[in-house]
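Undergrad: No letters, just coordinates:
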């Protein structure tokens, strides 16, 4: 089991460029999440997908779009990158059976710099 | 706006010291509190999930307690070792429909040999 995988690991963009961050999980989890991590701010939820076919906004969705391609894959797209989107991006997944004890499993992260 | 606060933001201790830090969360509509351990250059990993008032969990030298009535949880590390150096995150379970967690900003622990 690879768990949660993310590509790429590092990316440098110029302002205005677009890119898609890929995430896949092989644990047959229902829910998937995209977070960004900035110094002193912990993990902030960008978008999530509670189940295949659904997506919803989190705390900081502006400037991002997502696609839940199938149960395994959940991608995050930056249409027109801005320096404020320089961050480390984490994808996570959980069984999300409805139990509060469902743990989230995190990918290795993507470090994105927007110049 | 739902706030999960952790204190202190960072902590430096000597090897062998015991230490503790706090997570504060809303005391209403409580389902569960999660603790994660996040080492530099790695992904956050689950430590504990706590659901009951008065709950205490332990894993080796690390333990956690929960007070849902007053809305706080303590994480304790007994006899800190350099390998305990990490950021410790707590997260409030928001909704059973979505599985959403609201994370605190973390406490970064540095243990000096």
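TA: Arrived safely, thanks for sending. None of these values were measured; they are calculated from a predicted model.

Undergrad: Low-confidence stretches in the chain?
TA: Since no chain was named, I'll use chain A. For chain A, residues meeting the criterion pLDDT under 70 lie at A:97-98.

Undergrad: Actually, chain B is the one I wanted.
TA: Within chain B, the stretches with pLDDT under 70 are B:1, B:96-98.

Undergrad: how about the strands of it, start to end?
TA: All strands of chain B, identified by DSSP state E, fall at B:5-7, B:10-14, B:19-24, B:33-38, B:45-50, B:56-59, B:62-67, B:72-77, B:86-93, B:101-103, B:107-112.

Undergrad: Save those strands as JSON lines, and put in mean neighbour count and distance to residue A:19 too.
TA: Where you see a C-beta, it was placed from the backbone N, CA and C, and this is true even at glycine. Below are these laid out as JSON lines (neighbours: other Cβ atoms under 10 Å in any protein chain shown; distance: least, Cβ to Cβ, whole Å):
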{"stretch": "strand B:5-7", "mean neighbour count": "16", "distance to residue A:19": "32"}
{"stretch": "strand B:10-14", "mean neighbour count": "14", "distance to residue A:19": "32"}
{"stretch": "strand B:19-24", "mean neighbour count": "19", "distance to residue A:19": "34"}
{"stretch": "strand B:33-38", "mean neighbour count": "23", "distance to residue A:19": "25"}
{"stretch": "strand B:45-50", "mean neighbour count": "19", "distance to residue A:19": "27"}
{"stretch": "strand B:56-59", "mean neighbour count": "13", "distance to residue A:19": "38"}
{"stretch": "strand B:62-67", "mean neighbour count": "18", "distance to residue A:19": "38"}
{"stretch": "strand B:72-77", "mean neighbour count": "19", "distance to residue A:19": "37"}
{"stretch": "strand B:86-93", "mean neighbour count": "24", "distance to residue A:19": "27"}
{"stretch": "strand B:101-103", "mean neighbour count": "25", "distance to residue A:19": "25"}
{"stretch": "strand B:107-112", "mean neighbour count": "18", "distance to residue A:19": "29"}
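
Undergrad: Throw the ones you listed into JSON lines and include distance to chain A, thanks.
TA: Converted to JSON lines, these look like this (distance: least, Cβ to the nearest Cβ, whole Å):
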{"stretch": "strand B:5-7", "distance to chain A": "8"}
{"stretch": "strand B:10-14", "distance to chain A": "10"}
{"stretch": "strand B:19-24", "distance to chain A": "11"}
{"stretch": "strand B:33-38", "distance to chain A": "7"}
{"stretch": "strand B:45-50", "distance to chain A": "4"}
{"stretch": "strand B:56-59", "distance to chain A": "12"}
{"stretch": "strand B:62-67", "distance to chain A": "12"}
{"stretch": "strand B:72-77", "distance to chain A": "14"}
{"stretch": "strand B:86-93", "distance to chain A": "4"}
{"stretch": "strand B:101-103", "distance to chain A": "4"}
{"stretch": "strand B:107-112", "distance to chain A": "10"}
